[in-house]
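K.L.:
Structure here, sequence nowhere to be found:
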């Protein structure tokens, strides 16, 4: 069978590209090895939002008395939350499938392998069937990065160490957790379990949380999280993980903790293995498939989008990259820009921002002014919050007097995309 | 977007954070652009 476009991987980049290409009347095949929606829908962005929403609701009700809402015997039922999470994932996954089918996208479930190029057409096998495509989009996503730590593989096998694939399905609440990594996933997970009364300790190998924000902003954030009872250890290196403990160094001192679980939030690594990309002359690289500004690889008509390209590893970056791929396949010149992609951390409080941080502005030699203000200046924030030390940081280029960066921590900030520069 | 009189083709390039309610604008813009056809927007 021959197609105008073969998409490998049904995550955000893959399903969006397939939908767009089908809309443009390209005969499109989408190959997915597991579940439509990829990590984002099945074990990432969406499931974690379901869980966090329930935890925030639980906290709001528990602390409702000061707002005039009193409820006794408020209980959190993880099993019900997980069931709801699974239902929502199924619903959204079904929605994406319907969108694709209604547009005539063909879908094959199986593992794709690129076998070569014949007469200008790419050949792949999937479930022992050969398929051919004029254009190829590699959107195979990423998998959890497993750091090299003594005892970690045994921990993963015996269930003491969990990745996001597993901890989103925990049906009982642990009393204590150690989370490795203080990036977006680490902070969201720390917020979730902390809101539910679990003792959370976060170990971070660098000297700060939320590396995508500015240093000063991150230090203020850490104060907020510490006030909520989350412990942080920085400059950490893990010595080993046993069946019930984790031993680590932090700032030159050795510690041993005995949490119920160790959760890995140590980043993700692109999935390129066993794909056969070398059969068309594409070199697999550790940090992903290299692409140019049109999202094309160094092989003509072979594109890549989403986590497999490394870099920002955000679903909204993937959507835009997918657009760029399809537009270029259609002959409409389009380029991907990465300079003003917003980020969101759905922790409690939420953190969001776009544009320059203090470090990036200084690195570019921008003569900037930073202004930090409390959300107490927002009437709505004060109306809806009793304790407010959340903050907003604004960066302005003093020479051009242009806004160059905004970073906010507080309620609803994930929705403030309008500040995009 | 309205103040700047942005065209559909330009709004389609806006990166809306995921997952967020604001993405509904992006979805709507793509749908209406498809309804209008490429000549329309």
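P.N.:
It's in. Note that this is a predicted model, so its numbers are computed, not measured.

K.L.:
Domain ranges for chain A, per the record?
P.N.:
A:2-143+A:269-329, A:152-266, A:349-415 (automatic domain parsing).

K.L.:
which one of those domains lies closest to chain B?
P.N.:
Chain B lies closest to domain A:2-143+A:269-329 among those, at 4.1 Å (Cβ to the nearest Cβ). C-beta: built from backbone N, CA, C; applies to glycine.

K.L.:
And residue A:129, how far from residue A:112?
P.N.:
10 Å (Cβ to Cβ, to the nearest Å).

K.L.:
hmm, back to that, arrange the domains of chain A in TSV, one row each, with distance to residue B:13 as further columns.
P.N.:
Output for the domains of chain A, formatted as TSV (distance: least, Cβ to Cβ, whole Å):
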stretch	distance to residue B:13
domain A:2-143+A:269-329	7
domain A:152-266	22
domain A:349-415	15
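
K.L.:
Make JSON lines out of the ones you listed and add mean neighbour count and distance to residue B:30.
P.N.:
JSON lines is the format used below for the domains of chain A (neighbours: other Cβ atoms under 10 Å in any protein chain shown; distance: least, Cβ to Cβ, whole Å):
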{"stretch": "domain A:2-143+A:269-329", "mean neighbour count": "19", "distance to residue B:30": "8"}
{"stretch": "domain A:152-266", "mean neighbour count": "18", "distance to residue B:30": "26"}
{"stretch": "domain A:349-415", "mean neighbour count": "17", "distance to residue B:30": "19"}
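
K.L.:
lowest-confidence stretch among the ones you listed?
P.N.:
Mean pLDDT is lowest for domain A:349-415 among the domains of chain A, at a mean of 92.

K.L.:
Just give me how far that one sits from the chain centre.
P.N.:
In terms of Cα atoms, centre = their mean, to the nearest Å, the gap separating the centre of domain A:349-415 from the centre of its chain is 22 Å.

K.L.:
How about stretch A:210-219?
P.N.:
Worked out by Cα atoms, centre = their mean, stretch A:210-219 lies 18 Å from the chain centre.

K.L.:
What parts of the stretch 301-421 of chain A come near chain B?
P.N.:
Proximity of the stretch 301-421 of chain A to chain B is confined to A:314-317, A:319-320, A:323, A:334, A:340-344, A:352, A:414-415, A:417, A:420 under the rule Cβ under 8 Å from any Cβ of the partner chain.

K.L.:
Straight-line length of stretch A:204-213, end to end?
P.N.:
Using Cα to Cα, to the nearest Å, the end-to-end distance of stretch A:204-213 comes out at 15 Å.

K.L.:
Residues in contact with that stretch: which ones?
P.N.:
Residues outside stretch A:204-213 that contact it (Cβ atoms under 8 Å, 6 or more residues apart in numbering or on different chains): A:181-184, A:186-187, A:202, A:215, A:217-219, A:221-222, A:225, A:232-237, A:343, A:345, A:351, A:353, A:357, A:407.

K.L.:
Among these, which lie within strands?
P.N.:
A:202, A:232, A:233, A:236, A:237, A:343, A:345, A:351, A:353, A:407 (DSSP state E).

K.L.:
Just give me the closest of these to residue A:17.
P.N.:
Distances from residue A:17 to the ones in strands among the contacts of stretch A:204-213, taken as Cβ to Cβ, are shortest for residue A:343 (22.4 Å).

K.L.:
How about that closest one: what's its closest non-neighbour residue?
P.N.:
Nearest non-adjacent residue to residue A:343, counting by Cβ to Cβ, 6 or more residues apart in numbering or on different chains: residue A:212, 5.1 Å away.

K.L.:
same question, residue A:151
P.N.:
residue A:241 is the one closest to residue A:151 (Cβ to Cβ, 6+ apart), at 4.0 Å.

K.L.:
One more: residue A:104?
P.N.:
residue A:22 (5.5 Å).

K.L.:
longest single helix anywhere in the chain?
P.N.:
Using chain A. helix A:78-102 (DSSP state H).

K.L.:
Switch to chain B, please.
P.N.:
Under DSSP H, chain B gives helix B:23-36 as its longest helix.

K.L.:
how far is that one from where the chain is centred?
P.N.:
5 Å.

K.L.:
hmm, it in reach of chain A?
P.N.:
Yes: looking at helix B:23-36 against chain A by Cβ under 8 Å from any Cβ, the contacts come from B:26, B:34.

K.L.:
Could you measure from the closest residue to chain A within chain B over to residue A:318?
P.N.:
Going by Cβ to the nearest Cβ, chain A is nearest to residue B:18 of chain B, at 4.1 Å. From residue B:18 over to residue A:318 the distance is 8 Å, taken as Cβ to Cβ.

K.L.:
now swap in residue A:6 and tell me
P.N.:
From residue A:6 to residue A:318 the distance is 18 Å (Cβ to Cβ).

K.L.:
So which residues of the stretch 101-250 of chain A form helices?
P.N.:
Assigned by DSSP state H, counting those that start in this stretch, the helices in the stretch 101-250 of chain A fall at A:152-158, A:164-167, A:184-195, A:215-227.

K.L.:
Take the residues of the stretch 301-421 of chain A next to chain B and keep only those in helices.
P.N.:
Per DSSP H, those map to helices at A:315, A:316, A:317, A:319, A:320, A:323.
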